[in-house]
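>>> Have a look at this prediction, sequence included:
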Amino acid sequence: MLLALLLLPLLGGIVVAFLRDDRTAKLTALTVSVIELILVIPAWITYVPTGARLQLALSVDWIPALGVHFSLGIDGIALTMIALIGILTPIVIGGSWADKLPEGRGAAGFYSLLLIMQTGMVGVFASTDVFLFYVFFEAVLVPMYFLIGRFGGPRRQYAAMKFFLYSLLGGLVMLASVIGLYVVSADYNNGVGSLDWTTLARVMHNAPASTQVWLFLGFFVAFAIKAPLVPLHTWLPDATAESPV
């Protein structure tokens with residue numbers, strides 16, 4: 001079910017990108033987003049609040065040499081956020097229906113990027129492998145960059161580049177923490193590094209407090225930029241002013 005929630009907007013975004021008629025692109029994007037919202041309903045119904053911490057789990061080997069898996073699963077917070085994404089996406093598509101795009105920009109590109117961004121957002125909340133989470137977290141930057149840079153206001157390229165550079169800096173700091181998690185976890189997991197959230201929750205509390213703090217700070221900086229929190233917030237006024245509404 002989670003794999004379907006990931007793949008549907010991605011495939012929809014690819015299809016929309018090749019459509020030439022603006023109205024067809026809009027209708028196709030809206031249809032895909034509504035189907036995605038409908039798919040959220042059985043995930044919500046089948047989730048058992050008193051059940052296992054992670055439900056609807058799926059895991060396959062991805063990079064065996066590093067113990068990285070393509071692992072998906074949801075808890076109550078992730079389910080709520082995925083449902084919120086499912087509700088907001090068709091609202092955004094409908095709300096931008098009559099927007100005038102910059103000269104030379106077609107609706108197909110705009111709505112394709114929205115759907116691809118939806119895939120990244122769902123992936124962020126559905127990932128249960130830290131490396132997979134990192135990939136989705138950073139992948140969202142790509143459609144956001146082009147949405148601002150191609151479809152924004154007069155200073156859109158400046159705003160897009162500023163947003164990208166800030167987020168890239170945070171992503172590099174997070175990557176250092178991801179690598180640190182993998183290396184440190186091996187010391188408390190029989191010599192085998194892991195980025196599986198369940199495994200990390202089980203073993204990382206044995207690491208020295210100072211190590212835990214440094215790893216936390218790496219993730220905190222990345223999240224503080226995305227949130228954003230002062231003083232890492234200065235990309236937001238430009239991005240907000242220049243972004244398509």
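On my side now, so go ahead. Numbering: from 1, shown residues only.

>>> C-alpha from now on. contacts and neighbour counts both.
OK.

>>> So for the residue nearest the centre of the chain, what pLDDT did the model give?
Relative to the mean C-alpha position of the chain, the nearest C-alpha, by CA atoms, centre = their mean, is the one of residue 121, at 3.1 Å. Note on residue 121: pLDDT of 95.

>>> what does residue 72 give?
Model confidence at residue 72, given as pLDDT, is 95.

>>> How about residue 104?
pLDDT for residue 104: 74.

>>> any idea which helix or strand carries it?
Secondary-structure assignment from DSSP states H and E places residue 104 in no helical or strand segment.

>>> buried sites along the lengthiest helix in the chain?
Counting residues, the longest helix found in the chain (DSSP state H) is helix 156-186. By neighbour count, with 16 or more other CA atoms under 10 Å as the criterion, the buried positions of helix 156-186 are 156-164, 166-168, 170-171, 173-175, 177-186.

>>> following the one helix or strand the residue nearest to the centre of the chain maps to, which helix or strand shows up next?
Counting by DSSP H and E, the secondary-structure element that holds residue 121 is helix 107-126. Later in the chain than helix 107-126, the nearest helix or strand by DSSP H and E is helix 130-139.

>>> Show me what the helix or strand following that following helix is in contact with.
Once the chain leaves helix 130-139, the next helix or strand it forms, by DSSP H and E, is helix 141-151. Contacts with helix 141-151, where a contact means CA atoms under 8 Å, 6 or more residues apart in numbering, come from 101-102, 105, 110, 113-114, 116-117, 156-161, 163-164, 167, 239, 242-244.

>>> Now with 7 Å, please.
Helix 141-151 is touched from outside by 101-102, 110, 113, 116-117, 156-157, 160, 164, 242-244, with contacts defined as CA atoms under 7 Å, 6 or more residues apart in numbering.

>>> count of residues packed around the residue lying closest to the residue nearest to the centre of the chain once chain neighbours are set aside?
Take residue 121 and drop its neighbours on the chain: the residue closest to it by CA to CA, 6 or more residues apart in numbering is residue 140, 6.8 Å away. Using other CA atoms under 10 Å, the number of residues around residue 140 comes to 19.

>>> before we move on, the earlier item: please report the distance of the residue nearest to the centre of the chain from residue 78.
With distances taken as CA to CA, to the nearest Å, residue 121 is found 11 Å from residue 78.

>>> what do you get for residue 158?
For residue 158, the distance to residue 78 equals 33 Å [CA to CA].

>>> Grab the longest strand from this protein for me.
When the chain is parsed with DSSP state E, its longest strand is strand 55-63.

>>> what is the orientation angle of that strand with helix 130-139?
Taking axes from the mean of the first three to the mean of the last three CA atoms, to 10 degrees, one finds that strand 55-63 is oriented at 90 degrees with respect to helix 130-139.

>>> any residues touching strand 55-63, and which ones?
Residues outside strand 55-63 that contact it (CA under 7 Å, 6+ apart): 47, 68, 69, 70, 71, 72, 73, 74, 75.

>>> List the buried residues of that strand.
Within strand 55-63, judged by 16+ other CA under 10 Å, the buried ones are 55, 56, 58.

>>> next structured bit after that strand?
As assigned by DSSP H and E, the chain's next helix or strand after strand 55-63 is strand 68-74.

>>> quick revisit: pull the distance from whichever helix or strand comes after the longest helix of the chain to the chain's centre.
Next along the chain after helix 156-186, taking DSSP H and E as the criterion, comes helix 197-203. Between the mean C-alpha location of helix 197-203 and the chain-wide mean there is a distance of 22 Å, by CA atoms, centre = their mean, to the nearest Å.

>>> how far away is the spatially most distant residue from the centre of the chain from residue 203?
With CA atoms, centre = their mean as the measure, the chain has its most outlying C-alpha, relative to the mean C-alpha position, at residue 190: 31.7 Å. With distances defined as CA to CA, the gap from residue 190 to residue 203 amounts to 10 Å.
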